[in-house]
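[1] below are the sequence and a predicted model for it; my questions follow.
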Amino acid sequence: MAIFTQQDQFHLQMDHSSYLFHVMANGELGQLYYGPLIHNQAQYPELTHREIHGAMPAWKLDTPDFQPEALKQEYASFGKGDFRDPAYQITASDGSRISELQYQSYRIENGKQRLANLPSTFDDSQDDAQTLVVTLKDAVTQVTVELNYTIFPHQDVLVRSATFSNQGEQTVTLNRALSGQLDLPDADYDFLQFSGSWARERHAIRTPLRRGIQSIGSLRSASSHQEDPGFILARPQTNDDQGSAYGFNLVYSGNFLDQIEVDQFDTTRVLLGINPTEFGWQLTAGAQFQTPEAILSYSDAGLNQLSQQMGACYQHHLVNPQYAQKPRPILINNWEGTYFDFNETKLIAMARQAKDLGIELFVLDDGWFGKRNDDTTSLGDWDVNPQKLPQGMAHLAQQIHDLGMQFGLWYEPEMISLASQLYRDHPDWVIKTPQRQMTPGRNQFVLDMTNPDVVDFLYAKMSAMIDDAHLDYIKWDMNRNITEAYSPTLSADQQLEFSHRYILGVYQLYARLTHDFPQVLFESCASGGGRFDLGMMYYAPQAWTSDDTDAIERLRIQFGTSYAYPQAMMGAHVSAVPNDQTGRITPIETRAAVAYFGDLGYELDVTRCSAAEKAQIKRQVAFYKHHRELFQQGTFYRLDNPFTGDRNVGSWLVVSADKRHAIAARYQILNQPNPRYSQLKLRGLLPSQRYVVSGRQQPLYGDELMHAGVFIPSLLQTTMGVEESADFSAQVLVLDAVDD
Ligand code: GLA
């Protein structure tokens, strides 16, 4: 592990991968190589050859072979002969848009500092990362750019960002300022994206790259249900178990762009960062602009390895260290159990029953404040609803705490209802464009988080409640996207800064609350997984993965999510049937068997469960507690992909760090008559270790379990004891090493 620099060449070596770039003849930076680890050499002549192409501009008359369009660039500009989309663009005070970022200097630091106003990766111990900062300067505008590279060598993760500083005297405009760029020498890749919608987030879609630009992104001022900022470029033959792939993600929660451009030479340019549409930044003399961070990772050992190494990096170097490895509580949330219809008696009855079942945290969801009995009122009035909770929140919280449970509350801080005291007091705090109508979403509007008074107000309300009710947990929801984006806090020429400044305001509130109340566990939410991203995870170590709690839908959602996020980030609840989102009836064991592979919770009225269901829940809770570390922190392997083949089976596995314990689950959506034989082949075990497998008589060796597999009986067999339906089945296998 090291960062090598010589003769204007930078070689970032991680445990299994190398990233190489250099200063080109024109003083700008060129990308050389990113892939499996290679030796460090003083020069790489095989990577720097140039040939003259016809019909393309060259840098100078006497360097006809220096044709920017044919070169792999490190942080490309536009307008000097590279006609691909650029990584940044600066408009100077005279309206000109050419930049020449010339190499100036570099420095190397141990560790990784956190960014000041943005969520970021970090290495607080300063012994697990190295950072290279390369300074570039444009002589005409006097803008400097620091390109920041941090390697987390043991996870083969590279983090990039750019810091713009205006050292000139004139204001310039940043038209785009992306976080990272990667020019790859060919285009023989599949693009794996994780796309969806409300209630069906992050479905895995895999398509070969094609000539031209392909992109995903968001213009919703949130990372969105529709596209996830994380994506993968994989060789066509790569699968979960083998082959090479590059993983990408962004530590950002706002408008983003992930773009891939395949050019005339079949080279591939990856760009990722803040979406340049709806973005512009006035960089006044002396000012700085810091981009969010881009995450890059390479593996030649398949997509499971790629997900595991990126996930491990987040758990060690992104998530709040206080919570990263800490067991997450099993919660009960009243939302699907009561919706808005509750009072103190009902809540206490639910909490008592939940406590009896072993559940640890009671979460009171929407409807506890203002006059809120449906979703048309009261957002912004963060005082307890006296009709429902006449004795106040502290009283309710005290009773829950007295039961020996933790207590948490739902907030949707960024929102406002027109029917609210807050709107009557501060109509100017709502986001709107003068003289234009305000477009409602879920009957509500959005507060202007660019306004520091709004952030202060929310901080005061939430911190007072945390103190008063001794909250242990907050579910921070965000249920609509921004329209009519505009703020009176910004000048006319700053209005394109709005979306980014909005997110900075959200981050600021999160930063203040998490700093001042480290004992509060935050779970982020946005109508389920509408802002499930690494920016949020920095503050809130887990997120409500989806409003869809149907086990079969969740199987796909959690499977898709697992490519880019570890399971400790995924809130996963067992709810009642027929399911509220799909109407589907699945066995409670299947619902639990899916929810185990995340941060388990229950979201139903447990007081209405039958005695048999309560007994099942009690067993499930005890089972999860026993294996909690494995479920939340174990190494996760995708086995059968529910997005491919006949889409009828999905399976996955978690393995302990010492590989002596593992739990696999196989889900079958519809039962099939007279089916083929199925063997479930496991991964990540010790080949020469024997394991006891639940439900199987004879201990089996790891190699047999991985290569020959476990026999999966056909569910229609009456001996299986299935009485109701054999559809929507789950089989959970627990493996424990046994020594002779
Ligand atoms: C959103 C959340 C749900 C619930 C409701 C409450 O939809 O995703 O979990 O909190 O809001 O209104």
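    Sure, I can see it.
[2] direction included, what does the helix or strand harbouring Tyr602 pair up with?
    In this structure, Tyr602 sits in strand 599-603 according to DSSP states H and E. Its sheet considered, strand 599-603 pairs with strand 331-333 (parallel), strand 570-575 (parallel) by DSSP bridges.
[3] what's the very next helix or strand once past that strand packed up against?
    Where DSSP H and E defines the elements, the next helix or strand beyond strand 599-603 is helix 611-626. Secondary-structure packing of helix 611-626 (3 or more C-beta pairs under 8 Å, 6 or more residues apart in numbering; DSSP states H and E): helix 588-595, strand 599-603. Every C-beta, even on glycine, is put in place using the N, C-alpha and C of the backbone.
[4] at 10 Å what do you get?
    Counting contacts by 3 or more C-beta pairs under 10 Å, 6 or more residues apart in numbering; DSSP states H and E, helix 611-626 is packed against helix 344-356, strand 570-575, helix 588-595, strand 599-603, helix 628-633, strand 729-738.
[5] how about these, which one is nearest Ile260?
    Nearest of these to Ile260, taken as C-beta to C-beta: strand 570-575 at 26.8 Å.
[6] what about the strands in the stretch 151-300 of the chain?
    157-166, 172-184, 190-195, 203-208, 212-217, 231-234, 245-251, 256-262, 268-274, 281-283, 288-290, 293-299 (DSSP state E, counting those that start in this stretch).
[7] okay, those in CSV with distance to the ligand, mean pLDDT and mean neighbour count next?
    What follows is these, written out as CSV (distance: least, C-beta to the nearest ligand atom, whole Å; pLDDT from 0 to 100; neighbours: other C-beta atoms under 10 Å):
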stretch, distance to the ligand, mean pLDDT, mean neighbour count
strand 157-166, 30, 98, 23
strand 172-184, 28, 98, 24
strand 190-195, 19, 98, 21
strand 203-208, 18, 98, 16
strand 212-217, 22, 98, 16
strand 231-234, 24, 99, 24
strand 245-251, 22, 99, 25
strand 256-262, 21, 98, 23
strand 268-274, 25, 99, 26
strand 281-283, 32, 98, 20
strand 288-290, 31, 98, 16
strand 293-299, 26, 99, 25
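[8] output those strands as TSV; include the columns distance to Gly571.
    What follows is the strands of the stretch 151-300 of the chain, written out as TSV (distance: least, C-beta to C-beta, whole Å):
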stretch	distance to Gly571
strand 157-166	24
strand 172-184	27
strand 190-195	17
strand 203-208	18
strand 212-217	24
strand 231-234	23
strand 245-251	19
strand 256-262	22
strand 268-274	26
strand 281-283	34
strand 288-290	30
strand 293-299	22
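[9] how about the helices in the chain?
    In the chain, the helices defined using DSSP state H lie at 302-317, 321-324, 335-338, 344-356, 393-402, 421-425, 452-469, 498-516, 534-539, 551-561, 588-595, 611-626, 628-633, 702-707.
[10] now tell me which of those helices the model trusts least on average.
    Set side by side, those differ in mean pLDDT, and helix 321-324 is lowest with a mean of 94.
[11] touching it from outside, list them.
    Residues outside helix 321-324 that contact it (C-beta atoms under 10 Å, 6 or more residues apart in numbering) are 122, 124-125, 314-318, 514, 518-519, 521-522, 537, 540-542, 566, 568, 633.
[12] go again with 7 Å.
    Around helix 321-324, the neighbours that count as contacts under C-beta atoms under 7 Å, 6 or more residues apart in numbering are 124, 315-316, 518, 521, 541.
[13] how about the residues of the stretch 251-400 of the chain near the ligand?
    Counting by C-beta under 6 Å from any ligand atom, the stretch 251-400 of the chain comes close to the ligand at 335, 365-366.
[14] what does this protein have sitting close to the ligand?
    Residues of the chain lying near the ligand (C-beta under 6 Å from any ligand atom): 335, 365-366, 410, 477, 479, 525, 527-528, 544, 547.
[15] among those, which ones are buried?
    335, 365-366, 410, 477, 479, 525, 527-528, 544, 547 (16 or more other C-beta atoms under 10 Å).
[16] partners of Phe289 in the sheet?
    Beta-bridge partners for Phe289, by DSSP bridges, are Phe164.
[17] the stretch 1-150 of the chain: strands as residue ranges?
    In the stretch 1-150 of the chain, the strands defined using DSSP E, counting those that start in this stretch lie at 2-6, 9-13, 17-23, 29-36, 88-91, 102-110, 130-138, 143-152.
[18] can you pull the domain assignment for the protein?
    3-49+69-317, 649-737 (the TED database).
[19] of these, flag the one that's most buried.
    Sort the domains of the chain by mean neighbour count, taking mean count of other C-beta atoms under 10 Å, and domain 3-49+69-317 sits at the top with a mean of 20.
[20] how long is that one end to end?
    End-to-end distance of domain 3-49+69-317 (C-alpha to C-alpha, to the nearest Å): 19 Å.
[21] Ala42: what's its closest spatial neighbour, skipping adjacent residues?
    Leaving out its chain neighbours, the residue that sits closest to Ala42 by C-beta to C-beta, 6 or more residues apart in numbering is Gln6, at 5.7 Å.
[22] and the residue of this protein that's closest to the ligand?
    Nearest residue of the chain to the ligand, counting by C-beta to the nearest ligand atom: Asp366, 3.4 Å away.
[23] residue contacts, that residue?
    Neighbouring residues of Asp366 by C-beta under 7 Å, 6+ apart: 335, 340, 410.
[24] same deal with His500?
    Counting by C-beta under 7 Å, 6+ apart, His500 has contacts 254, 274, 279.
[25] just these now: which is nearest Gly95?
    Using C-beta to C-beta, Phe279 comes nearest to Gly95 of these, at 18.3 Å.
[26] closest one to Val140 among the helices of the chain?
    Closest to Val140 of the helices of the chain, according to C-beta to C-beta: helix 498-516, at 25.7 Å.
[27] buried stuff in the closest one?
    Of all the residues in helix 498-516, those buried under the rule 16+ other C-beta under 10 Å are 498-514.
[28] Arg352 contacts Gly404, doesn't it?
    No. Arg352 sits out of contact with Gly404 when judged by C-beta atoms under 7 Å, with a separation of 10.7 Å.
[29] the two - which one has more neighbours?
    More crowded of Arg352 and Gly404, by other C-beta atoms under 10 Å: Arg352, with 17 against 8.
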